[in-house]
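# Give the three-dimensional model of this entry:
(2 chains)
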Amino acid sequence: MKFLKLLLIIILIFASDAGAQFYYFGRNKVQYQTFDWKVLRTEHFNIYYYGEFEEIAEIGASYAEDAYDELKVKFNNLITHPIPLIFYNTSLHFQQTNTTPGLIPDAVGGFFEFIKGRVVIPYTGSIHDFKHVIRHELVHVFMTTKVIHVLSDHRQPTDLFPPLWYTEGLAEYMSTGIDAQAEMVMRDAVINNYFVNLENMYSIYGTFLMYKEGQNFFHFVSDKYGPEKVLLMIDNLWMFSNFNKVLEYTLGKPIEDIDSDWSFYLKRKYYPLLSNKAPLQVSAVQLTDFGFNFSPVSYKINGDTYLYFPANRDGYSSLYRMKINVEQKSDLEPELVIRGEKTSEFETFHLFQSSIGISKDGIVAFVTKAGATDAIHFYSVLQNEIIKTYQDENLININSPKFSADGRKVVFQAIDQKGFSDLFILDLGTDALTRITNDYYDERDPIFGITDDQIIFTSDRTAGKNARYYNLFSYDLQSHDIKYITNLSANLSSPVLSPDKKTLLFTSDIDKVQNIYRLKYRNNTFSDSVWKVTYFITSAFYPGYIDTTTIAFSGFENFAFNLYKEKIDSLPSDSSFTVVMNFDSTGGKWEETQLKLYAEKEKYKYQKEYTLDYAQSDVSTDPVFGTRGGAVLSLSDLFGDDNYFFLIYNTASVQSDFLKSFNIMLERIDLSKRTNYGYGVFHFSGRRYDLTESDDYFFERSFGGFFLLNFPLSKFQRIETDVSIANSDKEIVAGIIERKALLVSNSISYVADNSIWGPTGPLDGIRARLLLGYTSDVKYSNVNYFTVIADYRHYFRIGYTTALAFRGALFYNDGKEPRRYFMGGSWDLRGWPRWGIRGQKLWISSLELRFPLIDQINIKFPFINIGFFGLRGALFSDFGGAWDERYNETLGSVGWGFRLNLFGVLVLRYDMGKKIEDNMNKFQHGLFYQFFFGWDF
Amino acid sequence: MGFLNLLKIISVLSMLLMVGCGASLIRTTAHLDNDAYAGFGRTPAREFFINKEISDSLSLKWQNSVNGGFNNSSVAIYDSLVFINDLSGRIYCFYLSNGKQIGQLKSSGSVFTTPYVNKYTLVYTVAEENENITHLYYYDYIKGKMKYDIEAAGRSVTQMIGTPDEIIFNTEDGNVYKYDMKGNEIWKIKISSSIHSSPSMKDNIIVFGNDNGEIIGIDSKTGRILYNKKTGESFFGASSISDNTVYIGNDNGNLYAVNLQKGNIIWKYNSGAKIIMTPSVTADKIYFGNLSGELFCLDKEGNLIWRTATDGILNATPFISENYLVIPDMNKKFYFVDINTGKIEKTYNVEGRLNLSPVIFRNLLFVGYDRGELQAYEFK
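Residues are numbered from 1 along each chain as shown, chains lettered A, B, ... in the order given. Predicted coordinates:
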């Protein structure tokens, strides 16, 4: 499910708040651990790892070297400097990385960062997945350098990169075969008619579908035009600035014909599936109708049957339940049981990797990230509350807890500090934890077996001719023996026993996508034949028994994961699809190659390696201000933990002013620990225009230092403090110093943010900031005032992308020479002059209905096609006032507007309406019209 | 800002503009040279060897830069002049003795082929940007004038064949052309697949491979296809001919020995990785490398004599002497390899990724690497 997890990230529009940590609001990237980084230097890589991860790091190193040797041949290209490869032992630790500034969603499998050339990869417990991601990212490294070499050799601009579908599709094509997920997505897209051809690929930019279509396209090219054509497109990049022309030239056909060929290739491949397989909607009863719904478990309360399941139906992953009728089709809408991803104890549901369990007593066990590690929560369906939470600092990532028959124990899979994915049993009475396995084989989906002394699980420990496939195994808690239950050349998952324990259901990709299969249990042994239960075209996941004849499961169709139920006693008792297993080849076990092959491996403790992030300088001349110049540069260490910023520019208009007109700032920010801090010094000198004070220019020279400290309480809340000291000389009339001050300013803030965003702004959750500050002139007593800022925003979801947004804010400065705040314009008090309302005290309140108008606009130009996503509308009312000493009047406005997200980075806003003037006594004549940019509040 | 400062800025800008817009001109003189290294592989059969022993001790004699990067072509040398193509569409001419640039010819596309020097005429092809055509240029470098400019369909991205009477080249989209030295098309033929394999020629038979994995022989007099043998995967490697046998490598890593007259495969040797270089063939041995960085020496029956592993990529043709083989490695170095044992006797490191095929001429070794850096080393 690992790459399917990308779906959630890419499709849901709500992930765009990442990276907001160091702004006015925003969530926090919390560094719960301090990593003791070590370096493993190999022939072509510097591999960075920490803690007890050495064994897996060496496996990764060995594989990276193998991949390097293979890719250099395929690309006819090599990288002549060591490639930094940074390994995290779990995805939870990976999410703490500062190598990229934004928040990393649960599902990201790794990335190649272009500026420093870093490859950053988490380990997820699976060596197979680890290899896949290493190879995927190395394809990016080789491709990127190849593109740059080709273009620079031909003296072409080196920004003529292929489109994203090409780069990601190629990385997938060259790093993995067509696995069950790729097959599932492509089958679904072709059969359900949402397959997007090359000409319209821009309309699925960045989506999981784009990844899989890109991958499929290269298989098509290889089959139809020859494997050499895939990379020949890179060699031909220099010929055209339009990539479609490169494609046309390389394949020798117009793009329309290539699209027709591809479409025909896919239809011919997938349409025959309709002859002996069925869509989910046809052969099963659909219970949910949208979102991402997984892992249903059932429980009867007062004779009514309920399904409990984790799902993401509104942008937040949460626990839901729905009442179902086993016999009938019509069921009720799911209801929310536990709201996830708004508070630190339920920070993230691992929807795509963890299932839930339920005990005979109605206790639901489910996993969320809670702080530094995952936690298992126990929710009583009868008491409707969490009755217990279990967390162990050594178990970083936990998945799929399942109860014993007596409900006293829970078995689950967890990943430890070494990166090992193993099985554990928790005694709920004593909290005693027992580790069952301890190796690098990937154990998954454990359940208690025929008795509570047996654990059934899937694992890639399969040896012999089916080596590394995920088969079913049993573990005897008395003898500690591990035995094969299945031996198939396929991947099996999600085993579940029938209530009478005569049938073991599981899912498998035996016929390319996940379907449900069963094994019989007779005479104290599992059968050596596997029967196919479902014949879905796409996939089924997480089967669970509602009763002995009915199962519920999650299925993928029409690009959604919904819940389905099906009577399994109505299925043929003996399916025509049966696989007989042979266990002759299952002796021994496979061992992974470690770096021992390489004689020149060396290990070091990491010493900070600083490189430039960006640098820019400029000298400009204009007729008003004369010649001026400056430079800005930033450098940081390899992990982005230690950052330096340097700014210098000079504003002198005449030679005599040169020395005193230097503006310099040096700042260091340390993000390596949970408490982030920064400090710096500055000297600023020159003419200023203070928007908050007056309409005049004045000269100010100030110098001093500052210290910042930021402590995240959780992903959603933080405390910020800062202290600054600045000597400020301010003159409005040349040569006459109007005000001298030695300003000491300090503040403390509490910031909360659990909002999720749509295309133009927040749609759900809250954002809040409370700031208390004090500024004083400690030398001349010219300035002395305190500050209170209270800003609260609440977003009430009405529909999937419709919300009612409320904002109430007070900005208050009082004392001697306090600064003014300002408002007016498209960002706050609409209709009024932009930033034209000023005061030492200010309040504003807004109410806004945000709703969708057009989800997507595609424009086809002769030379390029462009898609715009999310044209939205708003109805709003704003009220506020600003004053210095005495409150004057309340201002307001009402109106409506349109917002358009441009390429995900900029929102254009057009508002019209009426101001409410004369202290809220009358509407203005006519309408106001305002056009600006910016996100919704 | 004063007027003087403004004048300074304008002057600097003007100088930059002038430097960036140097003339497209090569005008020089040369003596008749019967021993010239007049084109890629010296002869149409491709001979990358000299019949003498060389020292493994070098000193850098001169170095100069060109505008674009190099592919796996080589320099062409005539009398005291060194000519080199680059991928930004230019042909450069340097003095052999000191590397000083004499001039350059500019075009809008890319020059993949080593220019062919026919006395005082320089012949080369330019693959155009944005348009699927090739310009075949005949340039008189004594007069500094273009003699002929012929437009042909398709882009020429491989090495051409030059003789005193004819020019033969193929294009990426499957055209093969023959022109005389007056720019007249003698014949043209289109084959069914794309071509990325440089041709060689002997006994009036032109041989190359194509993307479809076929080895094709063409009668150079008539343009008639003599044979078309399907082998394995695509050919991005070039052919060379010795005696009556063609040697050519493909994407499977196979080196094929093919009968020149009939096109039947005599033997094949699998090297394990893609071959894109032109094999170097001497009287009794074949030398070639592959993209995994392995270097091979076979006898003419296809038996392995030795193999040597390097840590880089071998995509440029080795140059053979009687005692050493000189081969560039993309991993920023070139090697002197004992031709009898395969042992790397000496390694020279350079600052870029080597990809130009080396040439030994008189007492100089020419190599080239990333960003168009051309170096001439003198044997001590």
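
# Test my guess that residue B:280 contacts residue B:240.
Yes - shown here, residue B:280 and residue B:240 form a contact pair, counting by CB atoms under 8 Å, at 7.1 Å. No exception for glycine: its C-beta is placed from N, CA and C like everyone else's.

# Please enumerate the shared neighbours of those two.
residue B:48 (CB atoms under 8 Å, 6 or more residues apart in numbering or on different chains).

# average pLDDT for stretch B:295-304?
Averaged across stretch B:295-304, the pLDDT comes to 97.

# whoops, I mixed them up, stretch A:198-207
On average, stretch A:198-207 scores 89.

# Is it correct that residue A:106 falls within a strand?
No - per DSSP: H, G, I helix; E, B strand; the rest coil, residue A:106 lies outside any strand segment and is coil.

# Test of understanding: give the bridge partners of residue A:619.
residue A:629 (DSSP bridges).

# swap in residue A:851?
residue A:873.

# Contact partners for it?
A:799, A:801-802, A:872-874.

# neighbour-wise, which of those residues leads?
For the contacts of residue A:851, neighbours were counted using other CB atoms under 10 Å in any protein chain shown, and residue A:872 has the most, 24 neighbours in all.

# What separation do you get for that residue and chain B?
Separation of residue A:872 from chain B (CB to the nearest CB, to the nearest Å): 40 Å.

# these two touch, right, that residue and residue A:853?
Yes - between residue A:872 and residue A:853 a contact is recorded at 5.7 Å, counting by CB under 8 Å.

# so what's in contact with those two at the same time?
In contact with both residue A:872 and residue A:853: residue A:898, using CB under 8 Å, 6+ apart.

# show me what contacts residue A:150?
Here residue A:150 is in contact with A:234-235, A:237-238 (CB under 8 Å, 6+ apart).

# quick check, it in a helix?
Yes - counting by three-state DSSP, residue A:150 is found in a helix.

# Quick check: it vs residue A:353, distance?
Between residue A:150 and residue A:353 the computed distance is 39 Å (CB to CB, to the nearest Å).

# Redo the contacts of residue A:150 as a markdown table? Include secondary structure.
Shown next, in a markdown table, are the contacts of residue A:150 (three-state DSSP):
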| residue | secondary structure |
| --- | --- |
| A:234 | helix |
| A:235 | helix |
| A:237 | helix |
| A:238 | helix |
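
# show me which of those neighbour chain B.
residue A:238 (CB under 8 Å from any CB of the partner chain).

# tell me the two of the contacts of residue A:150 that are most distant?
The most widely separated members of the contacts of residue A:150 are A:234 and A:238, with 9.7 Å between them, by CB to CB.

# and the residue of chain B found nearest chain A, what does it touch?
Closest approach of chain B to chain A (CB to the nearest CB) occurs at residue B:69, with a separation of 2.8 Å. Going by CB under 8 Å, 6+ apart, residue B:69 touches A:149, A:152-154, B:86-88, B:355, B:370-372.

# go on, residue A:125?
A:397, A:413, A:415, A:419-421, A:442, A:444.

# cutoff 7 Å now
A:415, A:419, A:421, A:442 (CB atoms under 7 Å, 6 or more residues apart in numbering or on different chains).

# how many other residues sit next to residue 356?
Let's take chain A. So residue A:356, with other CB under 10 Å, has 25 neighbours.

# you looked at the wrong chain, it should be chain B
Neighbour tally, residue B:356, other CB under 10 Å: 27.

# how near is it to residue B:334?
10 Å.

# Now the common contact residues for these two.
Contacts common to residue B:356 and residue B:334, judged by CB under 7 Å, 6+ apart, are residue B:367.

# ok, back up a step: kindly indicate which of the contacts of residue A:851 lies nearest chain B.
For the contacts of residue A:851, the nearest to chain B is residue A:872 (40.3 Å; CB to the nearest CB).

# And the pLDDT for that closest one?
93.

# tell me the two of the contacts of residue A:125 that are most distant?
Farthest pair in those, by CB to CB: A:419 and A:442, 10.3 Å.

# Comparing these two, which residue is more hemmed in?
Shown here are residue A:419 and residue A:442; by other CB under 10 Å, residue A:419 has more neighbours (30 against 23).

# Shouldn't the more buried one be within a helix?
No - assigned with three-state DSSP, residue A:419 falls outside any helix and is coil.

# Which parts of the stretch 201-350 of chain A are strands?
A:285-286, A:292-293, A:297-301, A:304-312, A:317-324, A:335-338, A:348-349 (DSSP state E, counting those that start in this stretch).

# Next, format the ones you listed as JSON lines and append distance to residue A:161, mean neighbour count and mean pLDDT.
Listed next are the strands of the stretch 201-350 of chain A as JSON lines, based on distance: least, CB to CB, whole Å; neighbours: other CB atoms under 10 Å in any protein chain shown; pLDDT from 0 to 100:
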{"stretch": "strand A:285-286", "distance to residue A:161": "42", "mean neighbour count": "18", "mean pLDDT": "94"}
{"stretch": "strand A:292-293", "distance to residue A:161": "32", "mean neighbour count": "24", "mean pLDDT": "96"}
{"stretch": "strand A:297-301", "distance to residue A:161": "47", "mean neighbour count": "18", "mean pLDDT": "95"}
{"stretch": "strand A:304-312", "distance to residue A:161": "33", "mean neighbour count": "23", "mean pLDDT": "95"}
{"stretch": "strand A:317-324", "distance to residue A:161": "34", "mean neighbour count": "22", "mean pLDDT": "95"}
{"stretch": "strand A:335-338", "distance to residue A:161": "44", "mean neighbour count": "16", "mean pLDDT": "96"}
{"stretch": "strand A:348-349", "distance to residue A:161": "32", "mean neighbour count": "22", "mean pLDDT": "93"}
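
# which non-adjacent residue is nearest the closest residue to chain B within the stretch 351-500 of chain A?
Closest contact between the stretch 351-500 of chain A and chain B, by CB to the nearest CB, is at residue A:467 (24.0 Å). Sequence neighbours aside, residue A:590 is the residue nearest to residue A:467 in space, at 4.9 Å (criterion: CB to CB, 6 or more residues apart in numbering or on different chains).
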